[in-house]
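Asker: this one's sequence-less:
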């Protein structure tokens with residue numbers, strides 16, 4: 001007998017939809033509830049304590065919806081809230097940093113990894129710790145690239161604006177000779193075409209979406225919580241009226257997305 005309860009996911013904006021898409025692809029029978037915290041977007045420049053409280057509010061809401069698992073589909077929120085949330089909430093919680101770090105260690109051949117992220121994720125040093133815990137000999141260069149989040153949210157991920165920003169932001173990492181680049185923000189996978197255009201063949205690109213989906217699949221199998229019922233529904237929720245959310249989401253999915261509904265987490 002399967003567990004048909006939904007999986008809850010959240011991010012500050014559209015970025016976590018890359019994780020949602022990967023989970024939908026690998027677990028097509030699962031229902032999902034995705035929360036985009038547009039009221040508090042962006043998380044990257046905020047203090048970690050503030051992001052932790054935002055995350056707790058969303059996990060609390062998702063628990064009230066009887067989800068069977070919560071995926072923090074945001075690197076900044078994973079860094080700020082994953083460990084304390086696991087101590088407070090009963091629902092299983094998965095983050096995106098550990099799976100991405102594992103994939104980077106497996107991908108690098110030179111032993112030199114670049115990590116681009118928000119300022120909050122960089123300051124947390126979570127990617128550095130996660131990579132070094134797996135292999136202490138790997139060199140890690142971290143760089144905050146806050147403008148890239150704005151570019152993705154504006155729907156400009158595959159435009160000359162993105163090319164210009166990436167040419168500037170990735171120059172030092174390329175010059176250092178890193179052969180692997182961790183896209184340490186769930187918005188950044190949408191920049192793959194631009195990165196490959198500006199720095200063709202320079203990096204093996206690693207994002208947390210596919211590796212996180214694989215971890216979710218393993219956890220559900222181990223707990224025997226996979227859904228066995230077809231036709232899983234998907235909810236898209238926002239904490240503020242979305243500007244271009246549907247448009248960017250449809251670019252990401254390549255199809256029409258479910259109707260987006262606004263919620264108030266304090267209700």
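Answerer: Right, received. Where do you want to start? Being a predicted model, the structure only gives us computed values, none of them experimental.
Asker: tell me where the stretch 101-250 of the chain has helices.
Answerer: Ranges of helices in the stretch 101-250 of the chain, per DSSP state H, counting those that start in this stretch, are 119-124, 126-134, 146-153, 160-169, 171-176, 192-198, 208-223, 245-253.
Asker: packing partners for the helix or strand of the chain with the lowest mean pLDDT?
Answerer: None of the helices or strands of the chain scores lower by mean pLDDT, DSSP states H and E than helix 245-253, at a mean of 74. Here helix 245-253 touches helix 17-26, strand 260-262, going by 3 or more Cβ pairs under 8 Å, 6 or more residues apart in numbering; DSSP states H and E. Yep, even glycine has a C-beta here, placed from its N, CA and C like the rest.
Asker: at 10 Å instead, please
Answerer: Packing partners of helix 245-253 (3 or more Cβ pairs under 10 Å, 6 or more residues apart in numbering; DSSP states H and E): helix 17-26, strand 32-36, helix 146-153, strand 234-238, strand 260-262.
Asker: and among these, the most buried is which?
Answerer: Compared across these, strand 32-36 shows the largest average neighbour count, a mean of 25 (mean count of other Cβ atoms under 10 Å).
Asker: okay, now the unreliable bits of the stretch 51-200 of the chain?
Answerer: Of all residues in the stretch 51-200 of the chain, none has pLDDT under 70.
Asker: residue 159 is in contact with residue 190, correct?
Answerer: No: Residue 190 is not in contact with residue 159 according to Cβ atoms under 10 Å; the separation is 11.3 Å.
Asker: neighbour-wise, which of those two wins?
Answerer: residue 190 (26 against 13; other Cβ atoms under 10 Å).
Asker: what residues are up against the more buried one?
Answerer: If you count contacts by Cβ atoms under 10 Å, 6 or more residues apart in numbering, residue 190 has them with 14-15, 17-18, 148, 151-153, 155-158, 162, 183, 207, 248, 251-252.
Asker: contacts for stretch 167-175?
Answerer: 112-116, 141-148, 178, 180-181, 194-195, 197-199, 202-203.
Asker: please name the nearest non-neighbouring residue to the most centrally placed residue in the chain.
Answerer: Central residue of the chain (Cα atoms, centre = their mean): residue 186, 3.3 Å from the mean position. Nearest residue to residue 186, sequence neighbours excluded (Cβ to Cβ, 6 or more residues apart in numbering): residue 15, at 3.7 Å.
Asker: before we move on, what about residue 19?
Answerer: Nearest residue to residue 19 in three dimensions, chain neighbours excluded: residue 73, at 3.9 Å (Cβ to Cβ, 6+ apart).
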